[in-house]
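>>> Here is my input, please return the structure:
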Amino acid sequence: MTPDIGLCAALIKHGDMAPVLESGIEPDMLFDEGREVFEFILAHFKKYSALPEAKTIRVDTGVKLYKPREEIAYYVDKIRSRHIANNMSKELKSVIKALEDDPYAALSQLTGIEHRVMASAGNGDGVVDITSKNQIAKRQRLYAAKRAFKGGIDGIKSPWPSLDDRTLGWHPGEVIIIVGKKGSGKSWMMNLFAMHAWQQRKKCLMVTIEMPEEQMSMRFDSMAAKVSHQDMRKGQITEATEKSFNKTMEDMEGANIPVFMADSSAVRRVEDLERMIIAKKPDVVFLDGLYILGWDGKGSMWDRVTRNMTALKMIALRTATPIIATTQFSRKQKRGSLDGDDDDISYSDAIGQFADIIIALFSDEAMERTNRRLIRTIKSREFEPIELIVNWDMEKADFSEVGVVQDKSDRKAIVSRTGATDSAGELEREEQELEIVPF
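Reported below is the predicted structural model:
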């Protein structure tokens, strides 16, 4: 008797679904007729709140169950162990492949394997003894990996080197919130982060709740090709620009790095998002419109956003995936003002409580005139806040860093600055600018 069939037989014998539901066992962890029977049991239990009889299973699936030799926990352990072994094998093959091209990328990938594999296998009661041999060895491996980066950026980079110097990139399990006034450019910033992650060969999942997929995709394309978004919308790009744009599209297709774009028909609730993450296995997730997710016209906006944000953090941890989401400032934050903190975020205090990093987007009249924006971290768990001025030129698709604001008195000078950035990191980034290369 296989562990898969054994689990199903033990479930029917004991008549209790709780041990399996608590264990995190999912149908994709089982095989062949065992999966078929398990899915049938789950569907029956969901519909009737009771387990089916063995005879019902035989009639509906054609599979005859025999008396199990062991308890439910035995088969759960066998299935989880097998799932971990299979996923470890897949992950290690991926690391070996990456090792041939970039040892540091392989090392970065290696550090997240344990989180991803254990999350996919269910994490039991979520309690570990941090003084145990295994847990100490795990942390030693993590510290060794960080030492290999020599204090450098070990996560997914943003477009702005000075920000990366503080955050060290986006990491598994983190929730990063982008906040701004309506129409301030939150969706553009999210798209910019996604495009830059993709250029680092990271598989992205983008969920657009506020606008159609076509609009979001066009923004992504304009950034990748460095083409005016308005010219693209109006069909007014020049012949020379069109040739360059088509070349970018060809390179994008040949890069073989997916960017999954899902709209509100695919992701209606936060539970749909978790299922999609499990199915697509992205390196990073982008959610445009946290406050709209799950909107059905009923109930309190506060309650829904609180639930969404709490669930979003749990999903990021369970799937070992960084999630970047957008939301809005409240009316207290006046348009044109450069002041605002996490108390000014609309809808729910849970956003400020559960976010690891909150990045606020501001502009005033001078910035609008010079095509620039002020970026400020208004919450961070692990680093000191930072404020910087960046280009925000839709015509040239230029969103590069201009300078770091050390004091409020610096803002005006940096906003009006022309020429190259004062950031050494930006110069290095430009010298090593990522290109989309088919391979």
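
>>> my read is Met276 is in a helix, agree?
Yes - using DSSP: H, G, I helix; E, B strand; the rest coil, the assignment for Met276 is a helix.

>>> ok, it - contacts?
Listed by C-beta atoms under 8 Å, 6 or more residues apart in numbering, the contact set of Met276 reads 205, 207, 260, 262, 266-267. Any C-beta I mention is one placed from the backbone N, CA and C, and that applies to glycine too.

>>> And for Val20?
7, 11, 72, 76.

>>> Tell me how many other residues crowd Asp154.
Neighbourhood size, Asp154 [other C-beta atoms under 10 Å]: 17.

>>> who wins for neighbours among the contacts of Val20?
Leu7 (30 neighbours).

>>> Remind me which helix or strand it belongs to.
Take DSSP states H and E as the rule and Leu7 turns out to sit in helix 3-14.

>>> repeat for Lys412
helix 411-415.

>>> hey, C-alpha coordinates of that helix in CSV?
Presented in CSV, the C-alpha positions along helix 411-415 are these (Å, rounded to 0.1, in the frame of the first residue of the first chain):
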residue,chain,number,x,y,z
ARG,A,411,15.7,68.9,-1.5
LYS,A,412,15.4,72.0,-3.6
ALA,A,413,19.0,71.8,-4.8
ILE,A,414,18.7,68.1,-5.7
VAL,A,415,15.4,68.6,-7.5
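
>>> so what does that helix touch, helix or strand wise?
helix 365-370, strand 372-380, strand 387-391, strand 401-404 (3 or more C-beta pairs under 8 Å, 6 or more residues apart in numbering; DSSP states H and E).

>>> For those, could you give me CSV that also reports distance to Ile323, mean pLDDT and mean neighbour count?
Below are the helices and strands packed on helix 411-415 laid out as CSV (distance: least, C-beta to C-beta, whole Å; pLDDT from 0 to 100; neighbours: other C-beta atoms under 10 Å):
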stretch, distance to Ile323, mean pLDDT, mean neighbour count
helix 365-370, 28, 91, 14
strand 372-380, 15, 94, 20
strand 387-391, 22, 94, 22
strand 401-404, 24, 93, 22
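
>>> What residues does the closest residue in space to Val37 that isn't next to it in sequence make contact with?
In space, and not counting its chain neighbours, Val37 is closest to Cys8: 4.5 Å by C-beta to C-beta, 6 or more residues apart in numbering. Residues near Cys8 by C-beta under 8 Å, 6+ apart: 34, 37-38, 41, 57, 65.

>>> returning to what we had before: what does the helix holding Lys412 rub up against?
Where contact means C-beta under 8 Å, 6+ apart, the residues beyond helix 411-415 that reach it are 338, 366-367, 370, 372, 374, 389, 402-403, 405.

>>> ok, those vs Arg331, which is closest?
Leu338 (16.7 Å; C-beta to C-beta).

>>> so who does that closest one touch?
362, 364, 374, 411.

>>> Repeat that for Leu65.
5, 8-9, 12, 37, 54, 57-58.

>>> phi, psi of it?
Here is the backbone geometry of Leu65 (degrees, to the nearest 10): phi -100, psi 140.

>>> Going forward, the N-terminal residue is numbered 11.
Right, with 11 as the first residue, what we last looked at is Leu75.

>>> Show me what counts as buried in the helix of greatest length in the chain.
Among the segments of the chain that qualify as a helix by DSSP state H, the longest is helix 82-111. Residues 82, 85-86, 88-90, 92-94, 97, 101, 105, 108 are the ones in helix 82-111 that count as buried (16 or more other C-beta atoms under 10 Å).

>>> could those residues go into JSON lines alongside distance to Gln246 and pLDDT?
Output for the buried residues of helix 82-111, formatted as JSON lines (distance: C-beta to C-beta, whole Å; pLDDT from 0 to 100):
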{"residue": "Ile82", "distance to Gln246": "65", "pLDDT": "88"}
{"residue": "Tyr85", "distance to Gln246": "64", "pLDDT": "92"}
{"residue": "Val86", "distance to Gln246": "61", "pLDDT": "88"}
{"residue": "Lys88", "distance to Gln246": "63", "pLDDT": "91"}
{"residue": "Ile89", "distance to Gln246": "58", "pLDDT": "92"}
{"residue": "Arg90", "distance to Gln246": "57", "pLDDT": "84"}
{"residue": "Arg92", "distance to Gln246": "58", "pLDDT": "91"}
{"residue": "His93", "distance to Gln246": "53", "pLDDT": "89"}
{"residue": "Ile94", "distance to Gln246": "55", "pLDDT": "84"}
{"residue": "Asn97", "distance to Gln246": "49", "pLDDT": "84"}
{"residue": "Glu101", "distance to Gln246": "47", "pLDDT": "82"}
{"residue": "Val105", "distance to Gln246": "46", "pLDDT": "83"}
{"residue": "Ala108", "distance to Gln246": "42", "pLDDT": "80"}
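
>>> what two of those are the furthest from one another?
Counting by C-beta to C-beta, the most remote pair of those is Ile82 and Ala108, 38.5 Å apart.

>>> before we move on, the earlier item: which of the residues in the helix holding Leu17 are buried?
For helix 13-24, by 16+ other C-beta under 10 Å, it's 13-22.

>>> Now distance to Ala321 too, for these, in JSON lines please.
Formatted as JSON lines, the buried residues of helix 13-24 follow (distance: C-beta to C-beta, whole Å):
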{"residue": "Pro13", "distance to Ala321": "31"}
{"residue": "Asp14", "distance to Ala321": "30"}
{"residue": "Ile15", "distance to Ala321": "34"}
{"residue": "Gly16", "distance to Ala321": "33"}
{"residue": "Leu17", "distance to Ala321": "28"}
{"residue": "Cys18", "distance to Ala321": "30"}
{"residue": "Ala19", "distance to Ala321": "34"}
{"residue": "Ala20", "distance to Ala321": "31"}
{"residue": "Leu21", "distance to Ala321": "27"}
{"residue": "Ile22", "distance to Ala321": "32"}
